[in-house]
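Peer 1: Fold the stuff below for me.
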Amino acid sequence: MIKSNSIFSDPDLNSEIEKNAKHKVIEKGAILIKPGDEIVFIPIVIKGSIRIIRQDLDGQEVFLYHLYPGQTCAMSLTCCQSGKKSMIRAIAEIDSEILQIPVRLTEDWYQYPEWKAFISNNYNNRFAELLQVIDLIAFSNMDKQLLHYLEERSKALNTRVLEITHQEIADELHAHREAISRLLRIMEQKKLVRLGRNNIELLTT
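Peer 2: Numbers count the residues shown, from 1 in each chain. Okay, here's the model as predicted:
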């Protein structure tokens, strides 16, 4: 039986989830949703964390935000409600578990006030995170974007040492690898990070 009572308190809503949702275990690094996929379910994270990346038609990527237990993806909600295919890539940051809610039920469940509030709160929270990303891109230097990215990955992985390459960072920040490497060396001189072989240790608190 699916355990959803840690997210919702309404017994009728929990009963609907237990009857209709699928429980899925996702290994670290596995792709849950990719650009172009038809959105047939809405994911609700119950364990772990999911990294959400926006990818354009040319394959260029921008990191958006993470999903944590009790959260769902506003981008997936938007795509399913508008009938559009996925515009994001969702990757398990660590070993994770999700509930897959069938798209056909997401609007029917608005009859439950708790579900309606859950969707509204997730929209608001994800919108605030997107604004932060936009502000960083539009009004900040790349070094602030890079530090934000590293701190978010560190939080999601629950470690200060990130096993990550400069190229991976460049891909997800839509930047050149050489620029990322140069900024990381400057950050190391400022004692913000310690660089290793394919790993970066955050020294910020």
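
Peer 1: Pop the domain breakdown of this protein in here.
Peer 2: Following automatic domain parsing, one gets these domains for the chain: 11-138, 141-202.

Peer 1: Would you single out the least confident of these?
Peer 2: Lowest mean pLDDT within these: domain 11-138, a mean of 88.

Peer 1: T165 touches N198, doesn't it?
Peer 2: Yes: taking CB atoms under 8 Å as the definition, T165 is a contact partner of N198 at 5.5 Å. Just so you know, the C-beta spots here come from the backbone N, C-alpha and C atoms, and that holds for glycine as well.

Peer 1: Mean neighbour count for the domains of the chain - can I get that in TSV?
Peer 2: As requested, the domains of the chain are arranged in TSV below (neighbours: other CB atoms under 10 Å):
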stretch	mean neighbour count
domain 11-138	16
domain 141-202	16
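
Peer 1: Sticking with R89, tell me its helix or strand.
Peer 2: strand 88-92 (DSSP states H and E).

Peer 1: From the contact counts, what lies against that strand?
Peer 2: strand 31-33, strand 50-55, strand 61-67, helix 74-82 (3 or more CB pairs under 8 Å, 6 or more residues apart in numbering; DSSP states H and E).

Peer 1: how does it look with 7 Å?
Peer 2: Applying 3 or more CB pairs under 7 Å, 6 or more residues apart in numbering; DSSP states H and E, one finds that strand 88-92 makes contact with strand 31-33, strand 50-55.

Peer 1: Can I get these in CSV including distance to I7?
Peer 2: CSV is the format used below for those (distance: least, CB to CB, whole Å):
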stretch, distance to I7
strand 31-33, 18
strand 50-55, 15
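
Peer 1: out of those strands, which comes closest to N122?
Peer 2: Of all these, it is strand 50-55 that lies closest to N122, at 12.1 Å by CB to CB.

Peer 1: counting contacts, what elements does that closest one pack onto?
Peer 2: So strand 50-55, by 3+ CB pairs under 7 Å, 6+ apart, packs with strand 61-67, strand 88-92.
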